[in-house]
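Engineer: fold the following for me, if possible:
(one chain, ligands or ions: 2)
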Amino acid sequence: MASRRKDRLSVERVVEPVEIDRDIEPILRARISVKRVVHSTHVASLAQALARCHGVDADGARRAGLLHDLWREAGAGSIIEARRLGFKRANATEEDGSDVLEDWMDGNPVLLHGALAAVEARERFALPQVWCDAIAFHTTGRRGMTAEDMVIHVADHACEGRRGAHVHEWRRMAFEDLGSATLALLENLVSNLVEARAMLWVPTVEARNDLLARFGSRQRPKT
Ligand SMILES: [Fe+2]
Ligand SMILES: [Fe+2]
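Structural biologist: Numbers count the residues shown, from 1 in each chain. Ligands and ions are numbered 1, 2, ... in the order given. Got it, this is the predicted structure:
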């Protein structure tokens with residue numbers, strides 16, 4: 001047992017804890033629960049470590065990690081904010097939220113939280129656009145994911161505190177092959193949605209197909 005633990009530690013990178021940036025801390029603590037503030041610091045730590053490993057901006061990664069769930073607990077307030085910001089679906093005028101929620105969101109305002117945090121990260125904290133985009137798509141992924149998108153998606157789903165059979169494996173894989181780790185995470189997400197008989201998130205399907213073409217070994221099913 002001891003040797004197995006040693007084996008795991010020897011291949012897993014050390015992820016240093018981060019301090020919350022002074023300009024971010026008050027608003028983070030005012031908006032989300034203590035538990036989610038802790039989660040956000042775990043995401044920031046892993047994002048910073050992955051960014052250093054893969055040669056992208058580590059400060060941006062840390063700040064994006066801290067801010068990614070700023071709107072996660074806003075509930076129906078997300079719809080009001082989305083309207084205020086002028087989010088608009090084409091050809092949708094209804095008052096039940098479908099003017100801002102896509103069909104695949106299936107009435108769930110939580111799926112707006114990345115896009116709303118991205119706007120605030122840009123306007124209030126002047127986060128570079130590439131990290132705002134990573135925040136916007138941190139839940140679903142998207143076609144053509146950048147290294148920054150992958151850093152935040154993986155950091156969110158494989159950080160300390162996440163449970164699940166594959167978390168350690170994904171974390172280790174992400175330092176070696178970020179694209180393959182993101183592909184593995186998105187495939188797991190698609191499977192979970194199917195298993196739960198939930199709507200498939202369209203950007204996630206597009207992200208997974210695109211990553212499969214870029215990093216996977218794809219097969220054609222017999223039809
Ligand atoms: Fe989130
Ligand atoms: Fe998160």
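
Engineer: looking at it, residue 82 is touching residue 115, isn't it?
Structural biologist: Yes: with contacts counted by C-beta atoms under 8 Å, residue 82 reaches residue 115, the gap being 7.4 Å. In this view, the C-beta of every residue, glycine as well, is placed from N, C-alpha and C.

Engineer: so which bits of the chain are right by ligand 2?
Structural biologist: Residues of the chain found near ligand 2, taking C-beta under 5 Å from the ion as the criterion, are 69, 156.

Engineer: ok, now how distant is the residue nearest in space to the middle of the chain from residue 26?
Structural biologist: Using C-alpha atoms, centre = their mean, the residue of the chain that lies closest to the mean C-alpha position is residue 138, 2.5 Å off. Here the distance between residue 138 and residue 26 works out to 22 Å (C-beta to C-beta, to the nearest Å).

Engineer: got it, and residue 36?
Structural biologist: 15 Å.

Engineer: now for the longest helix that the chain contains, which elements pack on it?
Structural biologist: As far as residue count goes, and with DSSP state H defining each element, the longest helix of the chain is helix 34-54. Helix 34-54 is packed against helix 25-31, helix 58-67, helix 147-158, helix 167-176, with contacts defined by 3 or more C-beta pairs under 8 Å, 6 or more residues apart in numbering; DSSP states H and E.

Engineer: mind putting the ones you listed into CSV with mean pLDDT and mean neighbour count?
Structural biologist: Formatted as CSV, the entries for the helices and strands packed on helix 34-54 read as follows, by pLDDT from 0 to 100; neighbours: other C-beta atoms under 10 Å:
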stretch, mean pLDDT, mean neighbour count
helix 25-31, 97, 13
helix 58-67, 98, 25
helix 147-158, 98, 26
helix 167-176, 96, 18
